[in-house]
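S.K.: test case, fold it:
(2 chains)
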Protein chains: 2
Amino acid sequence: MLVLITYDVNTETESGKKRLRKVAKQCVNYGQRVQNSVFECVMDEAKCRQVKEILLKIIDEEKDSLRFYYLGNNYKGRVEHFGVKKSFDIEGDLIL
Amino acid sequence: MLVLITYDVNTETESGKKRLRKVAKQCVNYGQRVQNSVFECVMDEAKCRQVKEILLKIIDEEKDSLRFYYLGNNYKGRVEHFGVKKSFDIEGDLIL
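M.R.: Reported below is the predicted structural model:
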């Protein structure tokens, strides 16, 4: 299934900037960065629980916002993109 | 249906900063801002075409990124939020 992870981390403090870097660094392991704080991750429920657990240990729920959007398995028609940073089809054919 | 609008506007120039403000200003007319550059909009297809047309006239497709995610009508189970800036249920009961 496609899971969209979006986040806003409060970077007013050094620890906030550190949290932001850590969140992005973790998300890269699970999907592709399509915008600054938006990741598209094709993963199963177990993987999703895993990344959620990791991210919840990083963010400060009093200052930061973390959102998960579940777009299901038939997600290709659910995403539309305009402009730069076009995302690649994670499950598409890899042309070497 | 719930439509998620996410965007990354290149703000290296003054015109970019202006585009960013204009995009946010327009999106507010169609839904709620849940994160800096993430809007949740409950709207029909006609309204969606309308906001898309408006936003495409604002952004610079060579520099900016605009994404639409269509979460359908049964969206309540598709969104999960942690931390600050909890979104309110647009279609929920208004308690006065």
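
S.K.: do you know how far A:Val28 is from A:Glu61?
M.R.: 22 Å (C-beta to C-beta, to the nearest Å). To be clear about C-beta, it is placed using only N, CA and C from the backbone, and glycine gets the same treatment.

S.K.: residue contacts, A:Lys63?
M.R.: Contact partners of A:Lys63, counting by C-beta atoms under 8 Å, 6 or more residues apart in numbering or on different chains, are A:Val9, A:Asn10, A:Gly16, B:Gly83, B:Val84.

S.K.: gap between A:Lys76 and chain B?
M.R.: Using C-beta to the nearest C-beta, to the nearest Å, one obtains 11 Å as the distance from A:Lys76 to chain B.

S.K.: who touches the residue lying closest to A:Lys85 once chain neighbours are set aside in this structure?
M.R.: Among residues not flanking A:Lys85 along the chain, B:Ser65 sits closest, at 4.6 Å (C-beta to C-beta, 6 or more residues apart in numbering or on different chains). The contact partners of B:Ser65, by C-beta under 8 Å, 6+ apart, come to A:Val34, A:Gln35, A:His81, A:Phe82, A:Gly83, A:Val84, A:Lys85, B:Tyr7, B:Asp8.

S.K.: quick one: what helix or strand has A:Leu56 in it?
M.R.: A:Leu56 belongs to helix A:45-58 when assigned by DSSP states H and E.

S.K.: spatially central residue for chain A, please.
M.R.: A:Phe39 (2.9 Å; C-alpha atoms, centre = their mean).

S.K.: please report how far that residue lies from A:Ala24.
M.R.: 8 Å.

S.K.: overlap of the contact sets of those two?
M.R.: A:Arg33.

S.K.: immediately after the helix holding A:Leu56, which helix or strand?
M.R.: strand A:65-70.

S.K.: that older thread, ok, so of the contacts of A:Lys63, who is nearest A:Met1?
M.R.: Ranked by distance to A:Met1 (C-beta to C-beta), the contacts of A:Lys63 are led by B:Gly83 at 22.7 Å.

S.K.: return stretch A:55-72 as CSV; C-alpha atoms alone will do.
M.R.: Once non-C-alpha atoms are left out, stretch A:55-72 reads as follows in CSV (Å, rounded to 0.1, in the frame of the first residue of the first chain):
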residue,chain,number,x,y,z
LEU,A,55,9.3,8.5,14.1
LEU,A,56,7.3,8.8,17.3
LYS,A,57,10.5,8.3,19.3
ILE,A,58,12.1,11.1,17.4
ILE,A,59,9.4,13.8,17.3
ASP,A,60,8.3,16.0,20.2
GLU,A,61,4.5,15.7,20.2
GLU,A,62,4.2,19.0,22.0
LYS,A,63,5.9,20.9,19.2
ASP,A,64,5.9,18.8,16.0
SER,A,65,3.2,17.4,13.7
LEU,A,66,3.4,14.0,12.0
ARG,A,67,0.7,12.7,9.6
PHE,A,68,0.1,9.4,7.9
TYR,A,69,-2.2,9.2,4.9
TYR,A,70,-3.2,5.7,3.7
LEU,A,71,-3.8,5.6,0.0
GLY,A,72,-4.3,1.8,-0.3
